[in-house]
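Novice: no FASTA, just this:
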């Protein structure tokens, strides 16, 4: 850690400790930059980069933001993106959307298909539609030879069954982001060569289940994310999350893995680079 180099942005009367700045760079593997605009976005990127965040992967979720994500990648040399339809939006999946995702994946700064998957917790879309959109986008990822960014919540069995239909043909695999599922799904995904992504949930008081999965995950298959603007880590809960809080997540994960933070960050940086920025 560089002594005295901290961000004091967003400090409150409670005066939480500043965000540390480590020597090893961090890749933000999952954020939603399109929820920010103009100077606010530029400030967020600058603040995070001052705290060691090297690259940002901003995630598409709906037909409405596919083009927005592509445009964001053209506004900064540090931003890359994905193309895909979130399970909440699965009812909108059709041939035209599929064509837009496929076309978007040819953009030079698009690095994955996502955010795709299943969400049986909120059920914002019909479950059959979710499964159809998930499978279709896995096939699209295979066609494009791209990794996937998967969202799964309260859908462990169907997630495993669907992945089992496609994983063997996926050269690049991908990441199960914001992993909160059970250990059996974690073990299956890890055995298939997927990464697991962890974020501020690791710092939450009632997230022992997530911390158990962190401990069980091989360090070579672990990546860090914020999922900003959601899931702000302790001690900044209640504020809008941004990638500048990644060092706090790194600290917690290093503690759970009983590693020095710099040692963890070196391995995680290599993982993140292999996931999104290396050819299969």
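Specialist: Great, that's in hand. All values derive from a computational prediction rather than experimental measurement.
Novice: tell me how far residue 206 lies from residue 148.
Specialist: 29 Å (CB to CB, to the nearest Å). All C-beta atoms are positioned from the backbone trio N, CA, C, and that covers glycine.
Novice: give me the more crowded residue out of these two.
Specialist: residue 148 (28 against 7; other CB atoms under 10 Å).
Novice: could you report the pLDDT at the more buried one?
Specialist: pLDDT, residue 148: 98.
Novice: for it, give me its contacts.
Specialist: 84, 112-114, 116, 137-138, 141, 170, 172-175 (CB atoms under 8 Å, 6 or more residues apart in numbering).
Novice: can you give me the neighbour number for the residue nearest to it when sequence neighbours are not counted?
Specialist: Once flanking residues are discounted, residue 148 sits nearest to residue 174: 3.6 Å by CB to CB, 6 or more residues apart in numbering. Neighbour count of residue 174, defined by other CB under 10 Å: 28.
Novice: do the one 4 residues further on as well
Specialist: Close neighbours of residue 178, defined as other CB under 10 Å, add up to 25.
Novice: can you read off the backbone torsions of residue 118?
Specialist: Note on residue 118: backbone dihedrals following degrees, to the nearest 10 are phi -140, psi 140.
Novice: go on, residue 173?
Specialist: phi 50, psi -120.
Novice: quick check: end-to-end length of stretch 89-96?
Specialist: 14 Å (CA to CA, to the nearest Å).
Novice: mean confidence (pLDDT) on that stretch, please.
Specialist: So the average pLDDT for stretch 89-96 ends up being 98.
Novice: in strands, which of the contacts of residue 148 fall?
Specialist: 112-114, 116, 174-175 (DSSP state E).
Novice: who's in contact with residue 182?
Specialist: 156, 209.
Novice: which SS class is the residue nearest the centre of the chain?
Specialist: Centrality entry for the chain: nearest residue to the mean C-alpha point is residue 30, 2.8 Å, by CA atoms, centre = their mean. Secondary structure state of residue 30, per DSSP: H, G, I helix; E, B strand; the rest coil, is strand.
Novice: related to what we said a few turns ago, is it true that the residue nearest to residue 148 touches residue 193?
Specialist: No: Residue 174 is not in contact with residue 193 according to CB atoms under 8 Å; the separation is 9.2 Å.
Novice: all strands for this protein, in order.
Specialist: Using DSSP E, strands in the chain cover 6-7, 19-20, 26-31, 53-58, 79-83, 110-119, 148-153, 174-176, 195-198, 222-224.
Novice: run the chain-centre distance for the longest one.
Specialist: Looking back up the chat, that one is strand 110-119. Centroid separation for strand 110-119 versus its chain: 9 Å, with CA atoms, centre = their mean, to the nearest Å.
Novice: and what of the fourth one?
Specialist: A distance of 10 Å separates the C-alpha centroid of strand 53-58 from that of its chain, computed with CA atoms, centre = their mean.
Novice: and if you look at the fifth one?
Specialist: Its chain's C-alpha centre and that of strand 79-83 lie 11 Å apart, by CA atoms, centre = their mean.
Novice: and residue 154, how many residues sit next to it?
Specialist: 14.
Novice: change the start of the numbering to 44 and stick with it
Specialist: Taking 44 as the first residue, the last one we looked at is residue 197.
Novice: any idea how far it is from residue 241?
Specialist: 18 Å.
Novice: what of residue 308?
Specialist: 13 Å.
Novice: and for residue 99?
Specialist: 17 Å.
Novice: where does pLDDT dip in this protein?
Specialist: Filtered on pLDDT under 70, the chain yields the residue ranges 44-56, 80-82, 323.
Novice: am I right that residue 88 is in contact with residue 98?
Specialist: No: in this structure, residue 88 is not within contact of residue 98 by CB under 8 Å, at 10.4 Å.
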